[in-house]
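1. Test case, fold it:
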Amino acid sequence: MDRGGRFVLTLSAKKSKSRKPKADRFASANRIAAGAEDGSFVLPRPARRLVRFIVSLCTGKVELPRHIGKASLAAYVLAVGGYGVVHGGYWPQFSETMTSSAGFAVDNVKLAGNVHISEIDVLQSLGLDGATSLVSLDVDDARRRVASLPWVASVDIRKVYPRTILLNIKERKPFGIWQHGSDLSLIEENGNIIAPLRDNKFASLPLFVGRDADTDAKDVMAEFAAFPQVAARVKAYVRVSSRRWDLYLDNGVTVKLPEDDVGDALKRLVRMETEQQLLERDIAAVDLRLADRMTVELTPDALARRNAAVAARTKAMAKLEKET
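-> Down below sits the predicted model:
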């Protein structure tokens, strides 16, 4: 009690243990990292740095940033999720969904150069479904799919961000119609088939019939380039035994061409047509296979009339001889 009548309580604090100086702590860490001086195992230099860092972290010298735990957890979740998406094969769908949702969904396809190809066929070949992402669209794969369409010779595809695809198509050119059996197909100049013939839109094209007629069509048309007056009347070029051609004209006359020297045979035909209007006569066929002669086959009606005329003439000659 003090002089004022108050009680005074004196507390004596217990002397705390003194902490080791920093120099001693670093010395301890160095001894742990480097090993004892009596020849014990010594860690490599990189491992020593790691041990020093761990010791400093445990003793509180190194302070971790705030929210490091939350950030570490988020990074772990993202890493595990990303690994699952990639390893499970879901990355293409995931990236397409994300980029489409971000405003890169394809909603405009512009075509150029298409005449016989419909836009619907092109869109179906691209496989667009309204959610296709322009970012994840594989241009090479899209080009291959469009090029597989029957009429496409080549195609150029470009992306125009954020939502447009430009397609410039070069179509194959029809050269003629090839009949093989009962099937009719459109062919190119080199004989490649473009597509089956579905309508009469190409009825004005020349018709080639028979085996190998498709591959030989270009050569025979080159022969007829110098004889347009004959080519204009041909309705069908028929390949015979893969060696020569028969021509079926618009008036039903058949012209049999030789295996070789087709140009010379056509010259003779043009000369006979010019001088005697041979093809306007009542004939069924003209045989030009022999170079030194031309054989003409009459129609059945013309043959009957000719036989009747010959019989009447023979009868008249016999009567005349009898009277004399």
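2. Flag every buried residue along stretch 258-270.
-> Residues of stretch 258-270 classed as buried: 258, 262, 265-266, 269 (neighbour count, 16 or more other CB atoms under 10 Å). Every residue, glycine included, has its C-beta placed from N, CA and C.
3. thinking G130 is in contact with D107, fair?
-> Yes. With contact defined as CB atoms under 8 Å, G130 and D107 form a contacting pair (7.4 Å).
4. bridging residues for the closest residue to Y237 other than its chain neighbours?
-> Among residues not flanking Y237 along the chain, F208 sits closest, at 5.0 Å (CB to CB, 6 or more residues apart in numbering). Beta-bridge pairing of F208 under DSSP bridges involves W178, Y237.
5. Next, the contact list for F208, please.
-> Taking CB atoms under 8 Å, 6 or more residues apart in numbering, we find F208 in contact with 176-179, 187, 214, 216-217, 220, 236-237, 239.
6. what do you get for V234?
-> Residues in contact with V234 (CB under 8 Å, 6+ apart) are 206, 224, 247-250.
7. Give me the distance between it and L279.
-> Applying CB to CB, to the nearest Å, one obtains 11 Å for the distance of V234 from L279.
8. Then R52?
-> 110 Å.
9. for R172, same thing?
-> Distance, R172 to L279, using CB to CB: 35 Å.
10. A225 too?
-> Applying CB to CB, the value for A225 to L279 is 20 Å.
11. Now do the helices in the protein.
-> Secondary structure of the chain (DSSP state H): helices at 22-34, 45-58, 68-87, 91-99, 119-126, 139-147, 213-224, 228-231, 262-276, 300-323.
12. Show me which residues of stretch 268-281 are buried.
-> Buried residues in stretch 268-281 (16+ other CB under 10 Å): 269, 272-273, 278-279.
13. cool, and stretch 289-301?
-> Neighbour-count burial for stretch 289-301 [16+ other CB under 10 Å]: L298.
14. Need the distance between the two termini of it.
-> One end of stretch 289-301 to the other measures 25 Å (CA to CA, to the nearest Å).
15. now that stretch: how far from the chain's centre is it?
-> 52 Å (CA atoms, centre = their mean, to the nearest Å).
16. repeat for stretch 137-154
-> 3 Å.
17. So, low pLDDT: which residues of the stretch 201-324 of the chain?
-> For the stretch 201-324 of the chain, applying pLDDT under 70 flags the ranges 302-304, 306-312, 319, 324.
18. brain fart, the stretch 1-150 of the chain
-> 1-42, 57, 60, 62-64, 69, 80-103.
19. CA atoms of stretch 209-217 as PDB?
-> C-alpha atoms of stretch 209-217 as PDB (Å, rounded to 0.1, in the frame of the first residue of the first chain):
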ATOM      1  CA  VAL A 209     -21.700 -42.900-127.300                       C
ATOM      2  CA  GLY A 210     -19.800 -46.000-126.500                       C
ATOM      3  CA  ARG A 211     -16.700 -47.200-124.700                       C
ATOM      4  CA  ASP A 212     -13.700 -44.800-124.800                       C
ATOM      5  CA  ALA A 213     -15.900 -42.200-126.400                       C
ATOM      6  CA  ASP A 214     -15.400 -39.900-123.400                       C
ATOM      7  CA  THR A 215     -11.600 -39.900-123.700                       C
ATOM      8  CA  ASP A 216     -11.500 -39.700-127.500                       C
ATOM      9  CA  ALA A 217     -14.200 -36.900-127.700                       C
END
